[in-house]
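A.B. asks: The following comprises the amino acid sequence and a computationally predicted model.
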Amino acid sequence: MNTTDYEKIKQEAYYANMQLPKLGLVMFTFGNVSVADRELNVFAIKPSGIPYEELAPEKMVIVDFNGKIISGNLRPSSDTKTHAVLYKYWEHIESIVHTHSTYGTAWAQSQRAIPIYGTTHADHLTLDIPCAPPMEDSMIEGDYEYQTGFQIMNHFKELGLNYKEVEMILVGNHAPFTWGKTPSKAVYNAAVLEELARIAYLTEQINPNSPKLKESLIKKHYDRKHGSASYYGQ
């Protein structure tokens with residue numbers, strides 16, 4: 001395969017990764033974004049341990065959906081195998097974002113789903129942002145990053161969730177993952193998750209007994225943006 005075939009996703013992965021520090025979602029070398037090419041069955045991902053200010057499109061690493069490096073001179077992100085698993089089994093994902101954003105990670109460390117308290121949340125989801133339970137010891141001691149992909153998918157299966165409708169999750173004791181049909185949507189979802197995590201945290205500080213949003217408001221706010229008769233936006 002000619003390396004020029006990968007230029008588009010390398011450019012897209014670079015641009016998407018550079019949005020993370022701009023949005024305050026990462027610090028130092030935390031976090032990563034990948035972008036897939038479904039026709040070539042590969043994805044471009046941030047190299048491991050490279051500061052964001054030193055990134056460039058040509059430094060992105062090309063990996064297949066089995067986690068094998070196809071092109072690149074640098075080691076890919078340590079989370080590469082997690083991305084590979086999700087791309088392999090969730091065929092409608094085109095981009096994945098992993099951050100250790102402050103509030104999202106705090107909820108993940110608390111092993112709690114982010115409750116749906118208000119209409120800002122309902123504009124994006126009709127349920128709590130799920131939190132996968134901490135990984136079993138046998139999975140941790142094995143191929144940890146590979147198993148993280150199954151940790152995410154197994155929790156979706158347990159809850160009966162559709163990854164095309166719910167594009168975000170917390171991994172218990174770890175941090176958030178988001179995804180989407182485009183890199184911009186995956187990054188948007190990462191920023192939304194962090195803001196919803198922050199708002200939910202503040203809500204519980206003001207009133208520890210805050211009730212969840214009632215179903216009628218959840219439906220109204222979600223449907224006006226995503227329903228068949230949506231009327232939000234142009």
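C.D. replies: Sure, I can see it. This is a predicted model, so every value here is computed, not measured.
A.B. asks: Just give the closest residue to Val187, not the sequence neighbours.
C.D. replies: The shortest distance from Val187 to any non-neighbouring residue, by C-beta to C-beta, 6 or more residues apart in numbering, is to Gln19 (4.9 Å). Bear in mind the C-beta positions are built from the backbone N, C-alpha and C, glycine included.
A.B. asks: Which helix or strand contains that neighbour?
C.D. replies: helix 7-22 (DSSP states H and E).
A.B. asks: correct me, but the residue nearest to Val187 touches Asn189?
C.D. replies: No - assessed by C-beta atoms under 8 Å, Gln19 is found out of contact with Asn189, at 11.9 Å.
A.B. asks: that older thread, report the separation between the residue nearest to Val187 and Lys219.
C.D. replies: Gln19 sits 31 Å away from Lys219, going by C-beta to C-beta, to the nearest Å.
A.B. asks: neighbour-wise, which of those two wins?
C.D. replies: Using other C-beta atoms under 10 Å, the more surrounded residue of Gln19 and Lys219 is Gln19, with 20 against 13.
A.B. asks: so how far is Ser95 from that one?
C.D. replies: 11 Å.
A.B. asks: Now list whatever residues contact both of those two.
C.D. replies: Residues touching both Gln19 and Ser95 (C-beta atoms under 8 Å, 6 or more residues apart in numbering): Val33, Val187.
A.B. asks: Show me the strands in this protein, by range?
C.D. replies: Secondary structure of the chain (DSSP state E): strands at 32-37, 42-45, 61-64, 69-71, 95-98, 131-132, 168-171, 176-180.
A.B. asks: now those strands in TSV, with mean pLDDT?
C.D. replies: Formatted as TSV, these follow (pLDDT from 0 to 100):
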stretch	mean pLDDT
strand 32-37	98
strand 42-45	98
strand 61-64	98
strand 69-71	97
strand 95-98	98
strand 131-132	98
strand 168-171	98
strand 176-180	98
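A.B. asks: By mean pLDDT, point me to the weakest helix or strand of this structure.
C.D. replies: helix 137-141 (a mean of 90; mean pLDDT, DSSP states H and E).
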